[in-house]
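>>> quick one, structure for this:
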Amino acid sequence: MELKKALVTGASSGIGEAIASMLLDEGFEVIGIGRNFAKSKITNPNFTPVKCDVTDTSELIRVLNGISKTDVLVNCAGSAYYGLAENVGTEEITEMCRTDLEAPMVITGKLLPKLRESRGFVINICSVTSTRINTHAACYGALKAALRSYTRSLYEEVRKHGVKVCAVLPDLTSDTGLYRNADFEPSSDEGCHLLPEDVANAVKQILNASEGSVITELEIRPQQNKISKK
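From the prediction side, this is the model:
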């Protein structure tokens, strides 16, 4: 029996790696796109790591052209720079725009014909920032809001073809690289952060929804809201 196939971006670490691991446990063949798999903990033979920076559109298109079938697409690669809007540089804005919004739209557009054939899933990892005012993260929040809007509109476009589309909105999540450019990180105190596996379990819930129903948006938050200064 042929295994179902999934593509996960940002699969070399953090939330993307946890989602890829969950999909492998669920019996999928997984293609993982990431910039550097040197520290990857995935050893499953059904996992194919593909080194690719999603901001390199020509290389990304080459990778996508080699994919023959897709049942699940998870757009998870992310980039964030924090601080006052006037202090976020042009290169940083470009990196966020291309990673957080352009790449998911490019990938989704290229793979939609295959997802229609499989009546598959598009799952975009957005953020709680997509629904909030975000001082010190105005650009990042705006891009995640745009991705959420794209996701909601996409569902209305493709639902008649049987394609399921969902936006996942995680809050503060530890053990990811998202805060590498910030002067803060999620608090390590119990109940003050999510783990990447929490987000992966949410994706599993989306995939296992009963036939004929679709979870179109899912927000996940820790019980407490607390950060730590670096």
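
>>> contacting residues around residue 220?
Remark: with contacts taken as C-beta atoms under 8 Å, 6 or more residues apart in numbering, residue 220 is in contact with 168, 169, 170, 171, 194, 198, 199, 202. Where you see a C-beta, it was placed from the backbone N, CA and C, and this is true even at glycine.

>>> got it, and residue 179?
With contacts defined as C-beta under 8 Å, 6+ apart, the neighbours of residue 179 are 80, 82, 185, 186.

>>> now with 10 Å, please.
Under the criterion of C-beta atoms under 10 Å, 6 or more residues apart in numbering, the contact list for residue 179 reads 80, 82, 172, 173, 185, 186, 227, 230.

>>> in what helix or strand does residue 200 lie?
When elements are assigned from DSSP states H and E, residue 200 belongs to helix 196-207.

>>> and the next element down the chain from that helix?
That would be, after helix 196-207 and using DSSP H and E, strand 217-220.

>>> walk me through which strands the helix or strand that that next one is followed by pairs with, and which way each runs.
Counting by DSSP H and E, the element after strand 217-220 in chain order, helix or strand, is strand 227-229. Using DSSP bridges, the neighbouring strands of strand 227-229 in the sheet come out as strand 184-186 (antiparallel).

>>> any buried residues in the strand it pairs with, and which?
Using 16 or more other C-beta atoms under 10 Å as the burial criterion, the residues of strand 184-186 that qualify are 185, 186.

>>> how far off centre is it?
In terms of C-alpha atoms, centre = their mean, to the nearest Å, the centre of strand 184-186 is set 20 Å apart from its chain centre.

>>> could you do stretch 216-224 as well?
Its chain's C-alpha centre lies 15 Å from the corresponding centre of stretch 216-224 when counted by C-alpha atoms, centre = their mean.

>>> now that stretch: average pLDDT?
Mean pLDDT, taken over the full extent of stretch 216-224, equals 97.

>>> okay, that stretch in CSV with CA atoms only?
Extracted in CSV, the C-alpha atoms of stretch 216-224 (Å, rounded to 0.1, in the frame of the first residue of the first chain):
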residue,chain,number,x,y,z
THR,A,216,-10.4,25.9,9.5
GLU,A,217,-8.6,27.7,12.4
LEU,A,218,-7.0,26.5,15.6
GLU,A,219,-5.4,28.8,18.3
ILE,A,220,-3.1,27.2,20.9
ARG,A,221,-2.0,29.1,24.0
PRO,A,222,-0.1,28.2,27.2
GLN,A,223,-2.1,28.6,30.4
GLN,A,224,0.0,31.6,31.5
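
>>> in that stretch, which residues are buried?
Of all the residues in stretch 216-224, those buried under the rule 16+ other C-beta under 10 Å are 217, 218, 222.

>>> and if you look at stretch 153-164?
154, 155, 158, 163, 164.

>>> ok, of those, which one's closest to residue 66?
Each of the buried residues of stretch 153-164 was scored against residue 66 by C-beta to C-beta, and residue 163 proved nearest at 21.4 Å.

>>> pLDDT value on that closest one, please?
At residue 163, the pLDDT value in this model is 98.

>>> in contact with it, which residues?
73, 112, 115-122, 154-155, 157, 214.

>>> roughly how far apart are the most centrally placed residue in the chain and residue 174?
In the chain, the C-alpha closest to the average C-alpha coordinate belongs to residue 76, at a distance of 1.7 Å (C-alpha atoms, centre = their mean). Taken as C-beta to C-beta, to the nearest Å, the spacing of residue 76 relative to residue 174 amounts to 16 Å.

>>> can you list the weak-confidence ranges in the chain?
Flagging of the chain using pLDDT under 70 yields an empty set of residue ranges.
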